[in-house]
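*Asks:* Using only what follows, build the 3D model:
(one chain, ligands or ions: 1)
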Amino acid sequence: MARTIEIVDVGPRDGLQSEPEILPTSTKLELIQRLVDAGLRRIEVASFVNPKRVPQMADAEAVMAGLPKVPGVQYVGLVLNRKGFERALAAGCTEVGLVATATDSFGERNQGATIEENIRNVEEIAPLAREAGVRMQVTVSVAFGCPFEGEVPAARVVDVCQRLAATQPLEIAIADTIGVAVPSQVTALVEQVRAAIGDVALRCHFHNTRNTAVANAYAAVLAGVKTLDASVGGVGGCPFAPNATGNVGTEDLVYMLSRAGYDTGIDLNKLITTAKWLGEQRGKPVPSMVSKAGGFPASPAR
Ligand code: MG
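*Replies:* Modelled structure (predicted):
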């Protein structure tokens with residue numbers, strides 16, 4: 001029986017965040033609808049951050065209000081602090097994604113908070129989320145390498161994850177924010193983090209900056225990870241990480257996983273159509289590879 005891998009499409013938030021042109025709310029909502037139609041069941045749709053710092057996400061409330069209501073579909077809102085959490089809650093968010101970091105330098109530039117301050121944010125929000133009946137998960141950025149500090153000691157990532165696990169999140173994600181990881185590192189870090197976080201699920205977030213994201217995703221899956229982030233078309237980057245190009249393309253992951261015998265529940269052809277459509281909306285083709293080459297074997301035209 002095929003093993004199921006869940007893919008969280010972070011395109012509408014993490015993907016679009018660094019687009020230079022502000023996309024209309026209606027375009028974001030059409031993107032989300034298309035992802036739902038393609039079979040995605042968890043989609044990161046907005047971030048509740050300072051609109052002056054991230055103008056592309058200034059319409060978070062409007063996006064939340066316009067989401068298609070589909071049973072079984074979970075929409076994720078990113079929050080960095082209590083103020084953001086309260087906005088997300090008021091907007092009807094049912095899953096919040098919090099952020100931690102593996103280095104102080106990146107945390108200070110990206111979230112304006114050190115490792116310790118980010119952990120305290122999570123410790124403060126976790127009980128509030130539980131009380132409100134909202135799912136809460138947390139992503140540890142630059143877990144595989146930092147643009148400012150270089151190599152990140154695995155022991156520190158493990159320590160951060162262990163402290164986060166104590167807040168009982170739904171899940172902890174380790175993120176290769178600047179796309180420097182290689183599969184052997186993924187295998188080792190996944191093993192160490194899993195041993196430290198007990199029953200808390202582990203998700204992985206890879207960027208294809210150095211063409212290693214699909215290999216890293218496969219290593220993560222072989223190491224037992226059941227949930228992966230990806231962004232349709234491979235759009236995205238990180239506004240605070242120099243030269244960090246896109247998230248791994250959802251269609252690139254779906255192609256690899258389904259050919260390797262895993263079930264993602266996602267329709268590859270619909271995803272490719274959506275990636276091409278997104279390229280038209282942003283005025284330049286998306287970077288993912290399978291959106292250009294198509295699947296294999298080719299499915300009959302319909
Ligand atoms: Mg990303």
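*Asks:* for the stretch 151-300 of the chain, which spans come out with low pLDDT?
*Replies:* Residue ranges of the stretch 151-300 of the chain with pLDDT under 70: 238-244, 299-300.
*Asks:* show me the residues around the residue in it positioned nearest to the ion that make contact.
*Replies:* Using CB to the ion, the single residue of the stretch 151-300 of the chain nearest to the ion is N247, 4.5 Å away. To be clear about C-beta, it is placed using only N, CA and C from the backbone, and glycine gets the same treatment. For N247, the contacting residues are 10-11, 14-15, 205-208, 213, 229-231, 234-236, by CB atoms under 8 Å, 6 or more residues apart in numbering.
*Asks:* Just list whatever residues bridge to Q137.
*Replies:* Beta-bridge partners of Q137, counted by DSSP bridges, are G97, E171.
*Asks:* nearest spatial neighbour of the residue of the stretch 151-300 of the chain closest to the ion, skipping sequence neighbours?
*Replies:* S231 (3.8 Å; CB to CB, 6 or more residues apart in numbering).
*Asks:* before we move on, what about L40?
*Replies:* Nearest one to L40, counting by CB to CB, 6+ apart, is D9 at 4.7 Å.
*Asks:* Residue numbers of the chain in contact with the ion?
*Replies:* Contact residues (CB under 5 Å from the ion) of the chain with the ion: 14, 247.
*Asks:* What segments of the stretch 151-300 of the chain are helices?
*Replies:* All helices of the stretch 151-300 of the chain, identified by DSSP state H, counting those that start in this stretch, fall at 154-165, 183-197, 213-222, 250-259, 268-282, 290-293.
*Asks:* give the contact list for V254.
*Replies:* Going by CB under 8 Å, 6+ apart, the list of residues near V254 reads 7, 230, 264, 266, 268, 271, 290.
*Asks:* ok, the first one - contacts?
*Replies:* This points to I7. Applying CB under 8 Å, 6+ apart to I7 gives the contacts 40, 42, 227-230, 250, 253-254, 264, 266.
*Asks:* For Q56, give its distance to I22.
*Replies:* According to CB to CB, to the nearest Å, Q56 and I22 sit 6 Å apart.
*Asks:* When the two are compared, which one has more neighbours?
*Replies:* Taking other CB atoms under 10 Å, Q56 and I22 do not tie; Q56 has more neighbours (18 against 13).
*Asks:* Next, the buried residues of the lengthiest helix in the chain.
*Replies:* Counting residues, the longest helix in the chain under DSSP state H turns out to be helix 115-132. Neighbour counts over helix 115-132 (16 or more other CB atoms under 10 Å) mark 115, 117-119, 121-122, 125-126, 129, 132 as buried.
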